[in-house]
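Asker: Prediction below, plus the sequence it came from.
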Amino acid sequence: MIGFLRGLLLQKQPPILLVDVNGVGYELEAPMSTFYTLPDEHNEVVLYVHLIVREDAQLLYGFSDQGQRQLFRSLLKVNGVGARVALAILSTFSPREFVNCIHLEDAVTLTRVPGIGNKTAERIILDMRDRIDAQEYVQASDAVSGATTEHLEVPDNPVQDAIGALMALGYKSAEANRAVNAVKEQDQQRDDLIRNALQYLTKR
């Protein structure tokens, strides 16, 4: 089992990362909560990793801290929640916000995540409420929420990149376009656009 990767960040295009570890390029998928904390490309990065082995592929998922990875792993144990939905949850909510949804049994808020209907939201709440360790996840949340994106480069087309990232998380093209255009500002960076668009989608 791969626990973590330390290497050179070659590419970051949500939700995909490419990391060079001693000459081997590892492709990973990561939630937006991890993207917000990444350094510039061609800088060293450390990612905690979860590996999923299927008959047709070996898939790596990367996280900026162990709390995010543990929450991802816990979500995968819920019937009906796959890796894509788990990434969408981590991209939409901080661990603190997710824990609050579970404790408040707020299924309505959970259904705003693409891929989660009423039955799945209720199942997540039922499966997670008795075994969720709020402290285990929230410590990571505080560190992530305080991160800035000042050091990130401005992509050539941040609006299209943001729309593409939302679609990769499971939102429909019309939803992604509407959300990004509702929050976009002049000279806004891609990651800020994605963060604000996700907030817009969950509060609509």
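Answerer: Received it, and whenever you're ready, just let me know what you need.

Asker: Write down the beta-bridge partners of Q58, one by one.
Answerer: Q58 forms beta bridges with V53, as assigned by DSSP bridges.

Asker: That one contacts H50, correct?
Answerer: No - taking C-beta atoms under 8 Å as the definition, Q58 is not a contact partner of H50, at 11.5 Å. No exception for glycine: its C-beta is placed from N, CA and C like everyone else's.

Asker: the more surrounded of the two?
Answerer: H50 (22 against 9; other C-beta atoms under 10 Å).

Asker: Surely the more buried one is within a helix?
Answerer: No - in this structure, H50 is strand, not part of a helix, as judged by DSSP: H, G, I helix; E, B strand; the rest coil.

Asker: wait, doesn't it sit right on S74?
Answerer: No - the criterion here is C-beta under 8 Å, and H50 misses it with S74 at 11.2 Å.

Asker: Name all residues that make contact with the spatially most central residue of the chain.
Answerer: Centroid-nearest residue in the chain, with C-alpha atoms, centre = their mean: P31, separated by 1.9 Å. Residues in contact with P31 (C-beta atoms under 8 Å, 6 or more residues apart in numbering) are 15, 63, 68, 72, 87-88, 90-91.

Asker: Let's see that with 7 Å instead.
Answerer: By C-beta atoms under 7 Å, 6 or more residues apart in numbering, the contact set of P31 is 68, 87, 90-91.

Asker: Ramachandran coordinates for it?
Answerer: Backbone torsions of P31, given as degrees, to the nearest 10, read phi -70, psi 160.

Asker: What's the separation between it and Q58?
Answerer: To Q58, P31 is 19 Å away according to C-beta to C-beta, to the nearest Å.

Asker: for H42, same thing?
Answerer: When H42 is compared with Q58 (using C-beta to C-beta), they lie 26 Å apart.

Asker: Ok, G25 next?
Answerer: 14 Å.

Asker: And for A83?
Answerer: Taken as C-beta to C-beta, the span from A83 to Q58 is 13 Å.

Asker: Can you give the domain ranges for the protein?
Answerer: As given by automatic domain parsing, the domain ranges for the chain are 4-63, 67-145, 158-203.

Asker: Let me have those in TSV, extended by mean pLDDT.
Answerer: As requested, the domains of the chain are exported to TSV (pLDDT from 0 to 100):
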stretch	mean pLDDT
domain 4-63	94
domain 67-145	84
domain 158-203	84
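
Asker: Is the residue nearest to L10 when sequence neighbours are not counted bridged to anything, and to what?
Answerer: With C-beta to C-beta, 6 or more residues apart in numbering as the measure, L18 is the residue that lies nearest to L10, at 4.5 Å, once sequence neighbours are left out. Applying DSSP bridges to L18 gives these bridge partners: Q11, E27.

Asker: how deep is L18 tucked in, by neighbour count?
Answerer: Count around L18 with other C-beta under 10 Å applied: 16.

Asker: Let me see the backbone angles for F63.
Answerer: phi -140, psi 150.

Asker: That one and L38 touch, don't they?
Answerer: No - F63 is beyond contact range of L38, at 11.4 Å (criterion: C-beta atoms under 7 Å).

Asker: Those two: which is more packed in?
Answerer: Using other C-beta under 10 Å as the criterion, F63 and L38 rank with F63 on top: 26 against 21.

Asker: Brilliant, that's me finished.
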